[in-house]
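# A predicted structure for the sequence below; I have some questions about it.
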Amino acid sequence: MEKDYDYLFKYLLIGDSGVGKSCLLMRFADDVFPETYISTNGIDVRNRTVDLDNNMVWLQMWDTAGQERFNTITSSAYRGSHGIFLVYDVTNMESFQNIEKTWIDEVEKYGGSDATVILVGNKSDIMNERTVTYEMGKEYADRLGIPFMETSAKQSTNVERIFLTMAYELKTKFVNSRLDPTVGPTVRLRNSSQVNGPCAC
């Protein structure tokens, strides 16, 4: 049977438990926002097909559990991922600091060398509880050399944008033949001179 898409991209959403990975995915895939929090157990996969410049792109999106007890499951999920979203909660400084302490190491260890990575600060609608400023997220992403966006799954702010931005970047890489899965298993995000994590001040 002939496939009904031109490109297939696998996305992986990683970050601490409770930062809103599932909500971002549900908002993009189904345009819904759950009012009650349900922790993801292991892996949840959702799909959506989008039209990019008259090319049909099938997005296969993997939502990982943030709990360490699911580390073995999430490690295997990195295989074959084209795009990785590093997600933190702008009202939770620890989730931001853990991007450096935990999740960057995970990406470098398990991610493919050609994977595109975007830093995402979620829950931007909760202004009165914010502890991580936009400037902190942007400065850190600039040091990593990756794009950065703040989102609100609840208000649907920038949700469509982050997933489509990733798709356009990946499509461009494929068109320009810059994706080579045989290069190696490592994603290098940090400059050799970078030793410090996100600033907590």
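Right, received. Where do you want to start?

# mind checking the SS state of the nearest residue to Ala77 once chain neighbours are set aside?
Spatial nearest neighbour of Ala77, chain neighbours left out: Trp62 (5.2 Å); criterion: C-beta to C-beta, 6 or more residues apart in numbering. Every C-beta, even on glycine, is put in place using the N, C-alpha and C of the backbone. Secondary structure for Trp62, judged by DSSP: H, G, I helix; E, B strand; the rest coil, is strand.

# how close does Trp62 sit to Leu25?
9 Å (C-beta to C-beta, to the nearest Å).

# ok, now Gly137?
In this structure, Gly137 and Leu25 are 20 Å apart, going by C-beta to C-beta.

# Tell me which of those two has more neighbours.
Using other C-beta atoms under 10 Å, the more surrounded residue of Gly137 and Leu25 is Leu25, with 25 against 22.

# Look up the pLDDT of that one for me, please.
We have a pLDDT of 93 for Leu25.

# quick one, what contacts it?
Listed by C-beta atoms under 8 Å, 6 or more residues apart in numbering, the contact set of Leu25 reads Leu13, Asp44, Arg46, Met61, Asp63.

# switch the cut-off to 7 Å
Leu13, Arg46, Met61, Asp63 (C-beta atoms under 7 Å, 6 or more residues apart in numbering).

# now the first one, which residues is it bridged with?
What it means is Leu13. Legend: beta-bridge partners of Leu13 under DSSP bridges are Asp63, Phe85.

# between Trp62 and Leu25, what contacts are shared?
Jointly contacting Trp62 and Leu25 under the rule C-beta under 7 Å, 6+ apart are Leu13.

# any chance you could map the strands in this protein?
Along the chain, counting by DSSP state E, strands occupy 7-14, 43-52, 55-64, 83-89, 116-122, 148-150.

# And the shortest one, what does it pack against?
Spelled out, that is strand 148-150. On a contact count with 3 or more C-beta pairs under 7 Å, 6 or more residues apart in numbering; DSSP states H and E, strand 148-150 meets strand 116-122, helix 134-144.

# where does stretch 25-33 sit relative to the chain's centre, distance-wise?
Distance of stretch 25-33 from its chain centroid, counting by C-alpha atoms, centre = their mean, to the nearest Å, is 15 Å.

# er, stretch 5-17 I mean
Here stretch 5-17 is found 7 Å from its chain centre; the criterion is C-alpha atoms, centre = their mean.
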